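> Coordinates for the following, if possible.
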Amino acid sequence: MAETVVWNKKLLVASLILAGFAVVMFYLYDKAQKNKLKGETVQVLQWKRSLTAGEEIGEEDVGPIDASLSSKDLKGVIRWENKSIVLGGRRVNRSVSKGDRVYYNDIVGASEKTPADEITPGMRGFTLQVDPNYTPGDMLRVGGRVDVMGMVRLKGKPAKTYTLVQNLRVLAIGGKARKTEESLGSKRERQYNSGISVYRSVTVEVSPTLAEQLVDLMPRIMGKVWLTVRNPTDMPGRGSYTGINPQVESVLSQPLPNKTIGPE
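Sure thing, here's the model as predicted:
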């Protein structure tokens, strides 16, 4: 009789172990099937508590939640990797409910980034017209550096080609700037190249003063504007300048030519 009891206990323990294993396997299988149905996911921000309009947002007020990349509801939703946008004393501009996703429109002063956000505060984007037959082609990239060359005639001297401005950062090529999603810091940013082989314009970053000088200088350039590409690490050394080349700055005070010749 005692042996029968022992065997019953062993069978009971074995049954419990097998049952537990079966439950775990079923859970893993069910989770895998759900993930398969959801597809690729991304973490977005979710409100952890309800807030009323004007309340300051604390770090504990938001948290991550998985969302399907294929979901149409992701438009305007702030991703977890960009949570700093809602912190630092930010306030909600409307009442929000616990469990809802966090939208840019929920935050005072927050908005989805645009290409203009690439411009350094205090600087300006200035567009140069270029001849597509004489450009660096797809060697030039958004974020690259260029020098601007052109032929001008200084008072009492024959026309000559000068480097007019140097080391300007490229913001857009042919009107194509860095993509918004890459500006938000996604993984694809490292793979992004805005190289175009044929284009008629290049937008560069300049100071407001330099922008005004360039407007005055363009009609005085004889023929085309030429661009030369710099190595991004090739920073100007001794004798460099940050505005118009001092050698040609005097041309700005000269009368405009009777017939100006601009880029074709």
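> what element comes up after the helix or strand of the chain with the lowest mean pLDDT heading to the C-terminus?
The weakest-scoring helix or strand in the chain, judged by mean pLDDT, DSSP states H and E, is helix 180-183 (a mean of 46). Next helix or strand after helix 180-183 toward the C-terminus (DSSP states H and E): strand 201-206.
> which strands and helices sit next to the helix or strand that that next one is followed by?
The C-terminal neighbour of strand 201-206 among helices and strands, as given by DSSP H and E, is helix 208-217. On a contact count with 3 or more C-beta pairs under 8 Å, 6 or more residues apart in numbering; DSSP states H and E, helix 208-217 meets strand 124-129, strand 160-173. (Glycine included, C-beta is placed from N, CA and C.)
> Buried residues, the longest one. List them.
Of the residues in strand 160-173, those buried under the neighbour-count criterion (16 or more other C-beta atoms under 10 Å) are 162, 164, 165, 166, 167, 168, 169, 170, 171, 172, 173.
> outside of stretch 140-147, which residues touch it?
By C-beta atoms under 8 Å, 6 or more residues apart in numbering, the residues outside stretch 140-147 that reach it are 136, 163, 165-173, 176-178, 193-195, 202, 204, 227-232, 234.
> could you give the mean pLDDT of that stretch?
Stretch 140-147 carries an average pLDDT of 92.
> end-to-end on that stretch?
Start and end residues of stretch 140-147 are separated by 12 Å (C-alpha to C-alpha, to the nearest Å).
> Just give me how far that stretch sits from the chain centre.
Relative to its chain's centre, stretch 140-147 lies at 16 Å (C-alpha atoms, centre = their mean, to the nearest Å).
> From here on, call the first residue 7.
Okay, residue one is now 7; in that scheme the one you just asked about reads as stretch 146-153.
> Using neighbour counts, pick out the buried residues of that stretch.
In stretch 146-153, residues buried by neighbour count (16+ other C-beta under 10 Å) are 146, 147, 148, 150, 151, 152, 153.
> Return the closest of these with respect to residue 97.
Taking C-beta to C-beta as the measure, residue 97 lies nearest residue 148 of those, at 33.8 Å.
> For the helices and strands packed on helix 214-223, give me CSV that also has distance to residue 114 and mean pLDDT.
Shown next, in CSV, are those (distance: least, C-beta to C-beta, whole Å; pLDDT from 0 to 100):
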stretch, distance to residue 114, mean pLDDT
strand 130-135, 26, 95
strand 166-179, 28, 94
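> So for residue 262, which of those sits nearest?
Per C-beta to C-beta, nearest to residue 262 of these: strand 166-179, 16.6 Å.
> Bridging across strands, which residues link to residue 168?
Assessed by DSSP bridges, residue 168 has beta-bridge partners residue 156.
> can you pull the contacts of it?
155, 156, 157, 158, 251, 253, 254.
> Produce a PyMOL select command limited to the buried residues of the residues you listed.
Command for PyMOL, covering only those of the contacts of residue 168 found buried under the criterion 16+ other C-beta under 10 Å:
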select buried, resi 155+156+157+158+251+254
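> ok, of the contacts of residue 168, which one's closest to residue 87?
Among those, residue 155 lies closest to residue 87 (C-beta to C-beta), at 41.3 Å.
> ok, the nearest residue to the closest one once chain neighbours are set aside - contacts?
Closest residue in space to residue 155, ignoring its immediate chain neighbours: residue 232 at 4.2 Å, by C-beta to C-beta, 6 or more residues apart in numbering. Taking C-beta under 8 Å, 6+ apart, we find residue 232 in contact with 136, 140, 154, 155, 156, 167.
> ok, of those, which one's closest to residue 227?
Scanning the contacts of residue 232 for proximity to residue 227, where the rule is C-beta to C-beta, the winner is residue 156, at 4.1 Å.
> Am I right that that closest one is in contact with residue 170?
Yes: with contact defined as C-beta atoms under 8 Å, residue 156 counts as touching residue 170 (5.3 Å).
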